[in-house]
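1. Okay, predicted coordinates and the sequence, questions at the end:
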Amino acid sequence: MFDSLTDKLQGAFRKFGSRGVVTEEDLDQVLREVRMAMLEADVNFRVVREFTTRVKERALGAQVLRSLSPAQQVIDIVHSELVEILGGEAPQLATAARPPTVIMLVGLQGSGKTTHAAKLGNLLKKQGQRPFLIACDIYRPAAIEQLVTLAKSLDIPYHEEGTAVKPAVIAANGLEKAKRMNATHVIVDTAGRLHIDEVMMDEVTALRKQLAPQEVLFVADAMAGQDAVTAAKEFHDKVGITGLILTKMDGDARGGAALSIRQVTGVPVKFIGVGEKPDAIEQFYPDRLAGRILGMGDMLSLIEKAKETMGDEDSDKFGEKLKKGTFDLQDFVEQIRKVRNMGPLGQLVQMLPGFNRIKAQLNVDDMDDRFFNQAEAIVYSMTKWERRHPEKIDGKRRKRIARGSGTDAPRVNQLLKQFFEARKIAKTLSSGKFPVLPGMR
């Protein structure tokens, strides 16, 4: 989502170069470009103005420009201020003094409210909790059917009474059922509309008063841009929300909503949706997203996903090969097969520090599933010996591999070149020498 913003921010910071002295005029020029990059990414104008003002005040106040590494210190300040915009500390779900904890999901129709009710239930279940779902969107029969289908597929208990019973009655009956089943968390999917109206607001407000939930989470479509920010503000003013779930964070929107919504509403983002699968929901970490936006990567999230999918022992073994630079094409395809279970490859590689520079070094436009599908086809057309000894693959072998994979010799040559370059990069990254910011070394 933040590719364009990341590119432009990195371009602005490269103007510092590696110079030992940065003047106030240099800082003003870079901050002008930062301001334009954020506005083009659809970040709220007031948020951008306050952000750049704080960065400049901190840089001048701390006499950063006279320090030994002024450029890097300015970038550190930008990172710190981005984290602040996004909420500072990673927020946690509130819990009831006595179970169950009640969580209401509210929002506009089409934002992903129903699917994220199930996703949140699935996440809580993985954490050892006992979630329970209640279908209160009686105006959209498909929503009830969708929630029931998802609940069954994830083996999560649920309650629904169709479309003829009032939401207040369904919620009360569902809550009693959840208590009898010793549920730890009750997730209530409420009605949405295409636009905010008083009838919907009154109903949601009444339901909030009846259930006295610990959390009221507004589900916002990140691709809706500032419209999502406006809707969240209206819900907060009229209903009172305690947190946000940003959906479609894997999309190709400009990303301004993610950088604006916390500041404008004053309410923390607690979860982000990053795909279609039931497990495509993550707890929100402001510092990690700030790192991704600045091209610093998000190795913590990547490591967590790897350990969850592969297990500690397997990931440790592969880590040793990365450090030594000895992994080969056989290791490559085996790991790609396992990594596919972690989520879309395009999202995963963006968590690497200096991702944009890596793409440039490998001469790759899009490191996504299509790229890796073609790479797999080429590698699977090799013999096991060739996969273990890629440096020994000569011209004759390359032609045979190209025929077997449905590609051509230049594509095989390019893949091998990219693989050797990737192995060097991986060895550097695994040694802990992460690039702070591309072009700033």
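-> In hand now; what should we look at?

2. Ramachandran angles for residue 137?
-> phi -90, psi 80 (degrees, to the nearest 10).

3. One more: residue 103?
-> For residue 103, the backbone dihedrals (degrees, to the nearest 10) come out as phi -120, psi 120.

4. Distance of the residue nearest to it when sequence neighbours are not counted relative to residue 146?
-> Excluding the flanking residues, the one nearest residue 103 by CB to CB, 6 or more residues apart in numbering is residue 215, at 4.4 Å. Using the backbone N, CA and C atoms, a C-beta is placed for each residue, glycine as well. Going from residue 215 to residue 146 by CB to CB, to the nearest Å gives 22 Å.

5. Also residue 163?
-> Taken as CB to CB, the span from residue 163 to residue 146 is 13 Å.

6. Of those two, which one has the most company?
-> Each of residue 163 and residue 146 has its neighbours counted (other CB atoms under 10 Å); residue 146 has more, 18 against 14.

7. show me the contacts for that one.
-> Applying CB atoms under 8 Å, 6 or more residues apart in numbering, we find residue 146 in contact with 114, 115.

8. for the record, mean pLDDT for the helix or strand hosting it?
-> Using DSSP states H and E, residue 146 sits within helix 141-154. On average, the pLDDT along helix 141-154 is 94.

9. got it, and stretch 234-242?
-> Averaging pLDDT along stretch 234-242 gives 90.

10. which residue sits closest to residue 89 in space, ignoring its chain neighbours?
-> residue 286 (7.5 Å).

11. what about that neighbour, neighbour count?
-> 20.

12. just residue 92 next, same as before
-> Residues near residue 92, counting by other CB under 10 Å: 10.

13. Give me the buried positions along the helix holding residue 146.
-> Residues 143, 144, 146, 147, 148, 150, 151, 154 are the ones in helix 141-154 that count as buried (16 or more other CB atoms under 10 Å).

14. what do you get for stretch 28-38?
-> Neighbour counts using 16+ other CB under 10 Å place 30, 31, 34, 35, 37, 38 of stretch 28-38 among the buried residues.

15. can you check stretch 374-383 too?
-> Buried residues in stretch 374-383 (16+ other CB under 10 Å): 375, 376, 377, 378, 379, 381, 382.

16. who are the neighbours in contact with the fourth one?
-> Residue 378 makes contact with 401, 402, 405, 407, 411, 412, 415 under the criterion CB under 8 Å, 6+ apart.

17. can you tell me the helix or strand for the last one?
-> To tie it back to what came earlier, the one meant is residue 415. Residue 415 belongs to helix 409-430, assigned by DSSP H and E.

18. what is the mean pLDDT for that helix?
-> For helix 409-430, the per-residue pLDDT averages 78.

19. who does that helix touch, helix- and strand-wise?
-> The contact analysis (3 or more CB pairs under 8 Å, 6 or more residues apart in numbering; DSSP states H and E) places helix 409-430 against helix 312-324, helix 355-362, helix 369-380, helix 395-405.

20. ok, and the closest non-adjacent residue to residue 48?
-> Nearest to residue 48 is residue 38, by CB to CB, 6+ apart, at 4.6 Å.

21. now the helix or strand harbouring the one you found: mean pLDDT?
-> Here residue 38, judged by DSSP H and E, is contained in helix 24-40. When pLDDT is averaged over helix 24-40, the result is 85.

22. quick one: residue 12 from residue 30, how far?
-> In terms of CB to CB, residue 12 sits 5 Å off from residue 30.

23. What is the nearest of the contacts of residue 378 to residue 51?
-> Comparing the contacts of residue 378 against residue 51 with CB to CB places residue 415 closest, at 41.8 Å.

24. my read: the closest one touches residue 375, true?
-> Yes - applying CB atoms under 8 Å, one finds residue 415 in contact with residue 375, separated by 5.7 Å.

25. The residue lying closest to residue 398 once chain neighbours are set aside: neighbouring residues, count only.
-> Excluding the flanking residues, the one nearest residue 398 by CB to CB, 6+ apart is residue 412, at 4.7 Å. The burial count assigned to residue 412 is 25, neighbours taken as other CB under 10 Å.

26. Residue 412 touches residue 405, doesn't it?
-> Yes - using CB under 8 Å, residue 412 is in contact with residue 405, at 7.4 Å.

27. Could you pull up the residues touching residue 37?
-> Residue 37 neighbours (CB under 8 Å, 6+ apart): 5, 8, 9, 12.
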